[in-house]
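my questions concern the predicted model and sequence given below.
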Amino acid sequence: MVNAAFLPDGSQVIIAGRRKFFYSFDLVKAKVDRIGPLVGREEKSLEVFEVSPDSSTIAFVGNEGYILLVSTKTKELIGTLKMNGTARSLAFSEDGKQLLSSGEDGQIYHWDLRTGACFHMAVDEGCINGTSLCTSPNGKLFAAGSDSGIVNIYNSEEFLGGKRKPIKTIENLTTKVDFLKFNTDSQILAICSSMKKNSLKLVHVPSLTVFSNWPPQKKTLHYPRCLDFSPGGGFMAMGNAAGKVLLYKLHHYHDA
């Protein structure tokens, strides 16, 4: 499996897979650099990673609960975080100052990246294995997916304040949740599983309801693998296991 992501500032593409190293493609200089293995680390795979919204940091899932923080400028390891169990998923806060992580113990960790400290840890309700995380661009919500197909949506402020109950539990998927993504204005949450055909649902966040007209009838999405929304919200692109990218127009949004 290969994972790739643009830096939010558009200057680079980060590409990683089941290797000890990763690649950085400088879009300005049209230059590709191979980085790694990271000094002092023995990871054989760097395929799971997230880029911070301020384009300063790449967080990689490492071995034995470690999370590796790498500078996008120097490509050097600038810090590590350590979970109690195995790390499986990551998500930056909207300002890039915090990082959320989850793993095999069902705990959701909140990290302060300025100090490297875990300032909050709590169980994702009903979760045995945490498989995916995402935060909303407005900073108010985060969503957590699990091996069982359950997706919990939390109010961030309430969760950190001690309220562990999700504001909504989505049970429309029946296999492992691989991918979660809020759109630009935090009005839509996409949830998908690559384990079953057509396992992609869209949640209308204000009403916390799943769109009944998605996926389109008689349309085969195949096995969804990744998804993203355009900056203006007008388009949604989904990649599947057949090697195709399907592009959809969201008519509610007028900007691309």
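Nice, thanks for sending it over.

quick one, phi/psi of residue 63?
With angles defined as degrees, to the nearest 10, residue 63 sits at phi -80, psi 150.

that one: how many residues sit nearby?
13 (other C-beta atoms under 10 Å). (Each C-beta comes from the backbone N, C-alpha and C, glycine too.)

ok, it to residue 44 distance?
From residue 63 across to residue 44, the span is 8 Å (C-beta to C-beta, to the nearest Å).

gap between the residue in the chain sticking out farthest from the centre and residue 7?
Relative to the centre of the chain, the most outlying C-alpha is that of residue 218, 28.9 Å out, by C-alpha atoms, centre = their mean. Residue 218 is 39 Å from residue 7, where distance means C-beta to C-beta.

swap in residue 67?
19 Å.

of the two, who's got more company?
residue 67 (23 against 19).

who touches that one in this structure?
Residue 67 makes contacts with 59-61, 80-83, 87, 90, 99, 101, 111, as judged by C-beta atoms under 8 Å, 6 or more residues apart in numbering.

adding secondary structure, distance to residue 130 and neighbour count, write those out as CSV.
Below are those laid out as CSV (DSSP: H, G, I helix; E, B strand; the rest coil; distance: C-beta to C-beta, whole Å; neighbours: other C-beta atoms under 10 Å):
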residue, secondary structure, distance to residue 130, neighbour count
59, strand, 15, 24
60, strand, 17, 27
61, strand, 12, 23
80, strand, 19, 15
81, strand, 15, 21
82, strand, 16, 13
83, coil, 10, 23
87, strand, 9, 26
90, strand, 10, 23
99, strand, 14, 24
101, strand, 8, 25
111, strand, 15, 26
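
correct me, but residue 35 touches residue 21?
Yes - in terms of C-beta atoms under 8 Å, residue 35 counts as a neighbour of residue 21; the distance is 6.0 Å.

so these two - more neighbours on which side?
residue 35 (17 against 13).

excluding its backbone neighbours, what's nearest the more buried one?
Leaving aside its chain neighbours, residue 35 sits nearest to residue 75 (4.5 Å; criterion: C-beta to C-beta, 6 or more residues apart in numbering).

what helix or strand is the one you found on?
For residue 75, there is no helix or strand it lies in under DSSP states H and E.

from residue 63, how far out is it?
Distance of residue 75 to residue 63, given as C-beta to C-beta: 20 Å.

thank you kindly, that will do.
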